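Trainee: Sequence first, then the predicted structure, then my questions.
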Amino acid sequence: MPQELFVLIFGYIFGFYMAWNIGANDVANSMAPVVGAKAVTIRQAVFIAVILNVVGAVFIGSHVTNTIRKGIVSTDILGDPHLVLIGALSAILAASLWVNLATWKSLPVSTTHSIVGAMIGFGIVAGGFSVINWVKLGAVVMSWIISPLFSLAISFFLFKIILRLILSKKNTLIWALKLSPFFIGSTVFIVVLSFLFKTPLGKNLSVQGPVALILAFIIALIVGFAGMKVLKRLVKESTPNGAEEIFRFIQIGTACYVALAQGANDVANAIGPLAVIYFLVKTGTVGATVPVPVFLLLFGGVGIACGISMAGHRVMDTMGKKITALSNTRGFAVNFATATTVLVASKMGLPVSTTHAAVGGVMGIGLARGVEAVNLSIVYRIMLYWVLTVPVAAVTSMVIFKILLFIL
Amino acid sequence: MLMRIPFSDMFMTSPFEGIQEHAEKVKECSWVFQQAIECHFSPRCTTFEEFRDEVARLESEADAIKRRIRGHIPKRTMTPVSTFLIFRYLKQQDGVLDAVEDTLDWISYRRKTKIPEALEKDFALLVNAVIDPIEKLTSMVSEARQYFKSYSEKQRVVVKNIIHELHRQEREVDKFEYDIKKKLFNLDIDAVSIMYLVRLAEIIGSIADHAQNAGDMMRAMLSK
């Protein structure tokens, strides 16, 4: 049918646009600590982000998407395929519009939350307020507060530990080396756990519960001590700022993880509504969950990669100059806190934004007196837009839905 | 620019950046000050006013830096030390500059009273003694910034040693000032000149006081 084809083409265009936006802004934001700490150059950061985001999207990204995100909206409204088709299109249009406005006005909004909001709006207009699961929605709202706070607490304590056990010592290099298995190990532990719990790849291995924990622990132990051996060779005794140098190498590892996690997490979000449209056009029906074909994930991954390589360079350049205050030890703490928060939150089924977690991480470092100046009033502004994003995207989605219903 | 960068918006220009810049200006000023005083001491001095203008120019530049620092720390800023302490420190560092300017102003009021020959050496010693602590301020600020980066005990000791040094130099300046005053009253010169010279020695001495106070403020910033 030409009408469905028309919707599908628009879905592709705006799905790509969302992915492009995630690449240009969200990815660059979460790669900021590494660039700022000069652990990698911008060129390297772009390279890492492009490769690992595509890998993350295609190989470990969710191959099944909840039609209406995370069960916030009941599936009762899915009866009429025509409505769902228009709804998914209006959701993706609304999210694109809001993200576009945010980028134009430099508003700190999350792409993930824009899509969540837009899908909620479509749910309300299609089925009324009764289809909204308020408890689930409440959990989402709570996650805006909890995820940055959680990240803040982790980075605060992690930096305090680094301060107490390494930086305040006479020979920081020796202590950084001694404790490096712990830091590398904890990073690896989190990475392995998230692979086992979160990814289809891990689920196929069907390693669960305590077995997974033990497995992750053993791998962390091995990698941690192997990492120490490597670091001993890489970092020379005479390096003036030994501890920072050690953390420079550890930080590259955590940065890779953040890029990978972002690919896995955010691509499915950007592509979600598109997957619904695609499935509908293909089969004519839709269920509570929809399979996401690999080529769509690749499509999203390429979109993100385009965004990073076309605009991410500029964003990272601006940021790299602005956040030179973030040294390797601090950058590591921020990255670690971000990755851990993203893992825990998504394990709990909360649509968490990587950027939000990273912002919380920086605040933690600021509270631990780790940075010369962190602007707290910006944080209030950021929080305002976190709260605004969902209702604004929802209302926009509702309006577009009504208009599309009138036209189509 | 079309981008959303909440992450980097959180980072702002550090107030220490400005404090360091301000300290550099103070140092630059101290060199001109030294030249001005030396010129005044010499029998054929024609360029004193030029040096004084130069100091005034540097002072207004430093003032601009000071205002910039004060204007760019919003109330809700997380810094390693309280912003209150940062302002107090800046006030003392600025006090050094004011004292330098006051000295040159004081000299300009009564150019005809030359330094008596018997006191020439003492005044030269006094002036040299206040230049040292001024120059110390820049290294103190940069070492302190290093400390706030690493929080290493070793670095903390480095800064504390500079502060001790400032104290020692201030005592030395006090001694020179005392010597000058004591000798002055045994000289056979008119009362106005004595008053003029006593005040001159006191203002020059106050330069070191402000440097010492800046050191004390820095000490407060270092407290754990």
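Mentor: Sure thing, it's come through.

Trainee: contacts and neighbour counts: CA atoms only from here.
Mentor: OK.

Trainee: Who are the packing partners of the helix or strand harbouring A:Leu93?
Mentor: Assigned by DSSP states H and E, A:Leu93 belongs to helix A:81-104. Applying 3 or more Cα pairs under 8 Å, 6 or more residues apart in numbering or on different chains; DSSP states H and E, we find helix A:81-104 packed against helix A:2-21, helix A:111-127, helix A:242-283, helix A:376-407.

Trainee: Of the ones you listed, which stretch is the most buried?
Mentor: Ranked by mean neighbour count, those are led by helix A:111-127 with a mean of 27 (mean count of other Cα atoms under 10 Å in any protein chain shown).

Trainee: That one vs helix A:81-104, what angle?
Mentor: Put simply, helix A:111-127 runs at 140 degrees to helix A:81-104, going by axes from the mean of the first three to the mean of the last three Cα atoms, to 10 degrees.

Trainee: Which SSE is immediately downstream of helix A:111-127?
Mentor: Counting by DSSP H and E, what follows helix A:111-127 is helix A:134-162.

Trainee: is the helix or strand following that next one anywhere near chain B?
Mentor: Scanning forward in sequence from helix A:134-162 by DSSP H and E, the next helix or strand is helix A:172-198. No - using Cα under 8 Å from any Cα of the partner chain, helix A:172-198 never reaches chain B; the gap is at least 8.5 Å.

Trainee: State the mean pLDDT of helix A:172-198.
Mentor: The average pLDDT within helix A:172-198 is 80.

Trainee: Please spell out which residues along that helix are buried.
Mentor: By neighbour count with 16 or more other Cα atoms under 10 Å in any protein chain shown, helix A:172-198 contains the buried residues A:172-177, A:179-198.

Trainee: list the helices and strands it packs on?
Mentor: Packing contacts for helix A:172-198, counted by 3+ Cα pairs under 8 Å, 6+ apart, involve helix A:200-205, helix A:209-234, helix A:242-283, helix A:328-347.

Trainee: any chance of those in JSON lines, plus distance to A:Gly56?
Mentor: Formatted as JSON lines, the helices and strands packed on helix A:172-198 follow (distance: least, Cα to Cα, whole Å):
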{"stretch": "helix A:200-205", "distance to A:Gly56": "11"}
{"stretch": "helix A:209-234", "distance to A:Gly56": "19"}
{"stretch": "helix A:242-283", "distance to A:Gly56": "5"}
{"stretch": "helix A:328-347", "distance to A:Gly56": "14"}
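
Trainee: Sketch out the low-pLDDT regions of the stretch 251-400 of chain A for me.
Mentor: The model of the stretch 251-400 of chain A has pLDDT under 70 over residues A:286-288, A:324, A:346-347, A:349, A:351.

Trainee: Among the helices and strands packed on helix A:172-198, which comes closest to A:Thr112?
Mentor: Checking the helices and strands packed on helix A:172-198 against A:Thr112 by Cα to Cα gives helix A:242-283 as the closest, at 6.1 Å.

Trainee: and the closest one with helix A:172-198, angle?
Mentor: 10 degrees.

Trainee: quick one: strands adjacent to the helix or strand following helix A:242-283?
Mentor: Downstream of helix A:242-283, the first helix or strand assigned by DSSP H and E is strand A:289-291. According to DSSP bridges, strand A:289-291 forms sheet pairs with strand A:64-66 (antiparallel).

Trainee: the helices in chain B, which residues?
Mentor: Here chain B has its helices, by DSSP state H, at B:6-9, B:15-41, B:48-71, B:83-109, B:117-150, B:153-184, B:191-222.

Trainee: State the number of residues packed around B:Ala23.
Mentor: By other Cα atoms under 10 Å in any protein chain shown, 26 other residues sit near B:Ala23.

Trainee: what does the one 3 residues further on give?
Mentor: Using other Cα under 10 Å, B:Val26 has 27 other residues around it.

Trainee: and if you look at A:Met348?
Mentor: For A:Met348, the neighbour count with other Cα under 10 Å is 12.

Trainee: do the one 10 residues further on as well
Mentor: Close neighbours of A:Ala358, defined as other Cα under 10 Å, add up to 31.

Trainee: Which helix or strand contains it?
Mentor: A:Ala358 belongs to helix A:354-367, assigned by DSSP H and E.

Trainee: Contacts for that helix, please.
Mentor: When contacts are defined by Cα atoms under 8 Å, 6 or more residues apart in numbering or on different chains, helix A:354-367 is touched by residues A:26, A:29-30, A:110, A:144, A:147-156, A:159, A:262, A:330, A:333-335, A:337-339, A:341-342, A:371-374, B:6-7, B:78-80.

Trainee: In the stretch 51-200 of chain A, which residue sits nearest chain B?
Mentor: Residue nearest to chain B within the stretch 51-200 of chain A: A:Ser168 (3.9 Å; Cα to the nearest Cα).

Trainee: which one is that residue nearest to, not counting chain neighbours?
Mentor: Distance criterion Cα to Cα, 6 or more residues apart in numbering or on different chains; nearest residue to A:Ser168, sequence neighbours excluded, is B:Ser152 at 3.9 Å.

Trainee: who are the neighbours in contact with the one you found?
Mentor: A:167-170.

Trainee: Distance of B:Leu126 relative to B:Pro116?
Mentor: 15 Å (Cα to Cα, to the nearest Å).

Trainee: now swap in A:Ile42 and tell me
Mentor: Counting by Cα to Cα, the gap from A:Ile42 to B:Pro116 is 66 Å.

Trainee: re earlier: looking only at neighbour counts, state which of B:Leu126 and B:Pro116 leads.
Mentor: More neighbours surround B:Leu126 than the other of B:Leu126 and B:Pro116, with 22 against 16 (other Cα under 10 Å).

Trainee: Name the SS class of the residue in the stretch 301-408 of chain A positioned nearest to chain B, please.
Mentor: Closest to chain B within the stretch 301-408 of chain A is A:Arg369: 4.3 Å, counting by Cα to the nearest Cα. Look at A:Arg369: counting by DSSP: H, G, I helix; E, B strand; the rest coil, its state is coil.

Trainee: what about it, neighbour count?
Mentor: Residues near A:Arg369, counting by other Cα under 10 Å: 21.

Trainee: doesn't B:Thr77 make contact with it?
Mentor: No - the pair A:Arg369 / B:Thr77 is not scored as a contact, 11.2 Å apart, by Cα atoms under 8 Å.

Trainee: The most centrally placed residue in chain A and A:Gly361, how far apart?
Mentor: Closest to where the C-alpha atoms of chain A average out (Cα atoms, centre = their mean) is A:Thr354, at 3.5 Å. Taking Cα to Cα as the measure, A:Thr354 falls 11 Å from A:Gly361.

Trainee: Please apply the same query to A:Asn21.
Mentor: Going from A:Asn21 to A:Gly361 by Cα to Cα gives 23 Å.

Trainee: for A:Lys160, same thing?
Mentor: For A:Lys160 relative to A:Gly361 (Cα to Cα), the value is 13 Å.

Trainee: These two: which is more packed in?
Mentor: Set side by side, A:Lys160 and A:Gly361 show more neighbours around A:Gly361, with 31 against 19, by other Cα under 10 Å.

Trainee: Show the average pLDDT along stretch A:21-34.
Mentor: 78.

Trainee: meant to ask about stretch B:99-111, not that
Mentor: pLDDT averaged over stretch B:99-111 gives 90.

Trainee: and that stretch, which residues are buried?
Mentor: B:99-104, B:107.

Trainee: likewise stretch A:220-232?
Mentor: Taking 16+ other Cα under 10 Å as the criterion, stretch A:220-232 shows A:220-221, A:223-225, A:227-228, A:231-232 as buried.

Trainee: Redo those residues as a markdown table? Include pLDDT.
Mentor: Converted to a markdown table, these look like this (pLDDT from 0 to 100):
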| residue | pLDDT |
| --- | --- |
| A:Ala220 | 86 |
| A:Leu221 | 87 |
| A:Val223 | 86 |
| A:Gly224 | 84 |
| A:Phe225 | 86 |
| A:Gly227 | 82 |
| A:Met228 | 83 |
| A:Leu231 | 78 |
| A:Lys232 | 77 |
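
Trainee: So which residue is dead centre in chain B?
Mentor: Note: chain B centre (Cα atoms, centre = their mean) maps to B:Val96, 3.1 Å.
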